[in-house]
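> take this sequence and fold it.
(chains A, B, C and D)
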2 protein chains.
Amino acid sequence: MTKNKPTIADIAAQADVSISTVSRVLNNTAPVADSTREAVLTAMRTLDYRPNIFARGLASGQSMTVGVLTQHIHSPLYASLIRGILEEMDLSPYTPLFVDGYWEPEREERLVETLLRRRVDGLIVLGGKMPTEKLQEIATQVPLIIFGHQVPGLENQCLQLDNFDGAYRATEHLISLGHRRIAHVTGNLTHADAVERREGYLQALRDNRIEPLSDLIAEGEFTEQSGVLAIEMLLSRGRTFSAVFAANDESAYGVRLACYRRGIRVPQDMSLVGFDDIRPSAYTTPPLTTVHQPTREIGSAAARAMLKLMNGEAYKLPHIAAELVIRESTARNIK
Amino acid sequence: MTKNKPTIADIAAQADVSISTVSRVLNNTAPVADSTREAVLTAMRTLDYRPNIFARGLASGQSMTVGVLTQHIHSPLYASLIRGILEEMDLSPYTPLFVDGYWEPEREERLVETLLRRRVDGLIVLGGKMPTEKLQEIATQVPLIIFGHQVPGLENQCLQLDNFDGAYRATEHLISLGHRRIAHVTGNLTHADAVERREGYLQALRDNRIEPLSDLIAEGEFTEQSGVLAIEMLLSRGRTFSAVFAANDESAYGVRLACYRRGIRVPQDMSLVGFDDIRPSAYTTPPLTTVHQPTREIGSAAARAMLKLMNGEAYKLPHIAAELVIRESTARNIK
DNA sequence: GCTTTACATGAAAGCGCTTTCATTATATAA
DNA sequence: TTATATAATGAAAGCGCTTTCATGTAAAGC
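Numbering: from 1, shown residues only, chains lettered A, B, ... in the order given. So this is what the prediction gives:
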């Protein structure tokens, strides 16, 4: 299976130079005569040489690897963040190493440990539920960029979406369409995201002199099925409402389906707004009005910052504004 | 940032033993007296020791890493395959290293090269367009498990879904509902998957004495947007049809949306079948009838096989049958 | 023409681990 | 008792690379 792989020494012998010289052409770390360089390169080619990454890592102390802790890699939002990171890293000599925390703090800690064991040169944390102190501790050990947490002391390493503002805009949009009774399907309230979005919803109501009603709020957990359940619950409470703001697109899909089953038309009978703007949302029936998260950009911004950070260069994280995308799931309230 | 990390020598000094002994308790590679072991473990704990993976890899020749080449990590299908792999690998000492080929053969080759440079102990290839010969060559260098290619000589390392059979069943289902004019939105026909699915569709028609009409076939490219375009094209050709079989769920979403816009009701006026059964398909309106791919299982089967393969143990890859999931986007033809 | 500088290269010392080989102490067999 | 296997440990040789440090040679400065 594995033949004896050529080493730097083989190249040196073949090219009739010392191993130091080979290393030099490999890394461009000191001037080498053109003729020598040619000879070395030729030798590498003919022997099909691949530098041993372990030897290199051991000697240099660098792994040329960046760890990325994601959550639910199969969820469109994280997949898209990853895509952004991938695109940026691709242009660099670093390889990203992805692990999935499943939103389970213990698991996350374990995985970070794995990544540190693998001697990643930097770590990008996307979301998750790791405690603030843990993140602070990690930051002392490795260059760290964080999305989805606000960590005191690490302000300029944190990239955050304005959940509050996004939710506020979504709600305000519904109000501007004449809706007064606006229900809200929250996310899992152990997530900060869910709480912030709920706050934005509540604040928008209050600012428009609409009294928030607890009867119009149901807790979901960011999944389609929970959206179905939440809306059933809401409907069963007997309070009427003409619009729903769901804490994310997946739960909005659930709401949509439940309405469909009951013959409630969207948007004629019920307006619906989601959050995140994941891929399929532009193609649901009707296409979903939602709050856009520029996830791909967030991903590449995080990666870009990481590359700078590892090099000790200056960088700044962009401010990420949520943006409302108005499609066809919302309409003027005709009551 | 990085303090001087403790090495095996520090542990040895602290525990007053030789480094060999430390290595032994680390790897359980030879008997060590209980008291000694205790001392070493304590030393490790107090010094917060983490073995250096490079040194270990260099000395042992193993990276404890498995490379995984995926395609479009953000597509639900691949995300789900990954999930399966993750779950299985999690139980092993190996760490998966994911890269995304974007369905671009040159890119795929480059990434495989990167993985081999990283000295992965095994390689899982999911889909993609790498030429058969390339795969055969790779197989000589590293333990290889493949999903989505049928490579001569590597039959028992290839895991394949029966696209033909799945498409056949989907089409047959429509026929059994009384449909005769069944359109097909293909995938990108440079993918073997797309071709096989089309063949299944054609064969089902023929077996039921329905003549396939080229007017009823439009080429898509596995995306929502291409589904929209394909159905517009189909409709514009003037041939009537009462059902559509789309080559994957995403393009079925596009078909669904285009119908919605034109006031064509699904399933009353038009039956629709997809392929893949990605997550959102159970929550579209109406929920989509589709061919289920047990992606998570495929992923974990691949991972399991890889673990065995690397250990030189016997394994066998399961046969993967496609299964039709009948939901609400198909109905009896009432014409 | 002789010293100074830059360029091009080689020798050798690690980097932190695994793994043979050798050694000592202890237990078992003869 | 002596020989012999067994357990427990240490010494030391790599693994393949990077990186000082030293050396030799050619170009430049006075």
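
> which residues in chain A form helices?
Secondary structure of chain A (DSSP state H): helices at A:8-15, A:19-27, A:34-47, A:53-60, A:76-89, A:105-117, A:132-139, A:163-176, A:192-207, A:224-236, A:249-262, A:295-310.

> contacts only, for the closest residue to A:N156 other than its chain neighbours.
The shortest distance from A:N156 to any non-neighbouring residue, by CB to CB, 6 or more residues apart in numbering or on different chains, is to A:L317 (6.7 Å). Glycine gets a C-beta too; all of them are placed from N, C-alpha and C. With contact set as CB atoms under 8 Å, 6 or more residues apart in numbering or on different chains, A:L317 has these partners: A:I145, A:N156, A:Q157, A:C158, A:L159, A:A301, A:A302, A:A305.

> what residues does the stretch 51-200 of chain A put near DNA strand C?
A:A55, A:L58, A:A59 (CB under 7 Å from any atom of the strand).

> just these that are near chain B?
Restricting those to those touching chain B (CB under 8 Å from any CB of the partner chain) yields A:A55, A:L58.

> so where's chain A uncertain?
A:1-4, A:335 (pLDDT under 70).

> if you set the cut-off to 50 instead, what comes out?
A:1-3 (pLDDT under 50).

> what is the burial count for A:L77?
25 (other CB atoms under 10 Å in any protein chain shown).

> please report how far A:M306 lies from A:S300.
According to CB to CB, to the nearest Å, A:M306 and A:S300 sit 10 Å apart.

> ok, the two, which is more surrounded?
A:M306 (28 against 20).

> list the contacts for the more buried one?
Shown in contact with A:M306 (CB under 8 Å, 6+ apart): A:V66, A:G122, A:I124, A:P143, A:I145.

> again with A:H292
A:H292 is in contact with A:D276, A:D277, A:A322, A:E323, A:L324, A:V325, counting by CB under 8 Å, 6+ apart.

> narrow those residues to those that are buried.
Taking 16 or more other CB atoms under 10 Å in any protein chain shown as the criterion, what is buried in the contacts of A:H292 is A:D276, A:D277, A:A322, A:L324.

> what's the first-to-last distance across stretch A:6-23?
14 Å (CA to CA, to the nearest Å).

> hmm, that stretch in reach of chain B?
No - Stretch A:6-23 does not reach chain B (CB under 8 Å from any CB); its nearest approach is 11.3 Å.

> likewise stretch A:85-95?
Yes - with CB under 8 Å from any CB as the criterion, chain B is reached by stretch A:85-95 at A:L86, A:T95.

> check what contacts that stretch and list those residues.
A:64-66, A:68, A:96, A:121-122, A:124, A:296, A:299-300, A:302-304, A:307, A:310, B:73, B:97, B:99-100, B:114, B:118.

> distance-wise, check the residue nearest to A:N156 relative to chain B.
19 Å (CB to the nearest CB, to the nearest Å).

> residues in contact with A:L174?
Counted by CB under 8 Å, 6+ apart, A:L174 has contacts A:I182, A:A243, A:F245, A:S271, A:V273, A:T330.

> pretty sure the last one is touching A:A243, no?
Meaning A:T330. Yes - in this structure, A:T330 is within contact of A:A243 by CB atoms under 8 Å, at 7.3 Å.

> mutual contacts of the two, please.
Contacts common to A:T330 and A:A243, judged by CB under 8 Å, 6+ apart, are A:L174, A:L177, A:S271, A:L272, A:V273.

> out of these, the closest to chain B would be?
Nearest to chain B out of the shared contacts of A:T330 and A:A243 is A:L272 (CB to the nearest CB; 11.4 Å).

> against A:Q71, how distant is that closest one?
Applying CB to CB, the value for A:L272 to A:Q71 is 25 Å.

> who's more crowded, these two?
More crowded of A:L272 and A:Q71, by other CB under 10 Å: A:L272, with 29 against 22.

> correct me, but that one touches A:T285?
No - with contact defined as CB under 8 Å, A:L272 does not count as touching A:T285 (11.6 Å).

> thinking again about what came up before, list only buried entries from the contacts of stretch A:85-95.
A:64-66, A:68, A:96, A:121-122, A:124, A:296, A:299-300, A:302-304, A:307, A:310, B:73, B:97, B:99-100, B:114, B:118.

> of all residues in the stretch 101-250 of chain A, which one is closest to DNA strand D?
A:D121 (13.1 Å; CB to the nearest atom of the strand).

> could you measure that residue against A:Q150, distance?
25 Å.

> just A:Q203 next, same as before
For A:Q203, the distance to A:Q150 equals 18 Å [CB to CB].

> look at those two and report which has more neighbours.
For A:Q203 and A:Q150, the more surrounded residue by other CB under 10 Å is A:Q203, and the numbers stand at 17 against 11.

> neighbours of the closest residue to the more buried one other than its chain neighbours, how many?
The shortest distance from A:Q203 to any non-neighbouring residue, by CB to CB, 6+ apart, is to A:Y168 (5.9 Å). Other residues near A:Y168 number 23, with proximity taken as other CB under 10 Å.

> mind listing what A:Y168 touches?
So A:Y168 contacts A:G200, A:Y201, A:Q203, A:A204 (CB under 8 Å, 6+ apart).

> which residue does the stretch 101-250 of chain A have closest to chain B?
For the stretch 101-250 of chain A, CB to the nearest CB, closest residue to chain B: A:E224, 4.3 Å.

> now do that residue: how many residues are near it, please.
A:E224 - counted by other CB under 10 Å - has 24 other residues nearby.

> one more: A:T36?
So A:T36, with other CB under 10 Å, has 16 neighbours.

> ok, it touching A:V17?
Yes - between A:T36 and A:V17 there is a contact under CB under 8 Å: 6.0 Å.

> ok so, going back, how about the contacts of A:L317 in a markdown table, adding distance to DNA strand D?
Listed next are the contacts of A:L317 as a markdown table, based on distance: CB to the nearest atom of the strand, whole Å:
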| residue | distance to DNA strand D |
| --- | --- |
| A:I145 | 24 |
| A:N156 | 28 |
| A:Q157 | 26 |
| A:C158 | 31 |
| A:L159 | 31 |
| A:A301 | 29 |
| A:A302 | 27 |
| A:A305 | 24 |
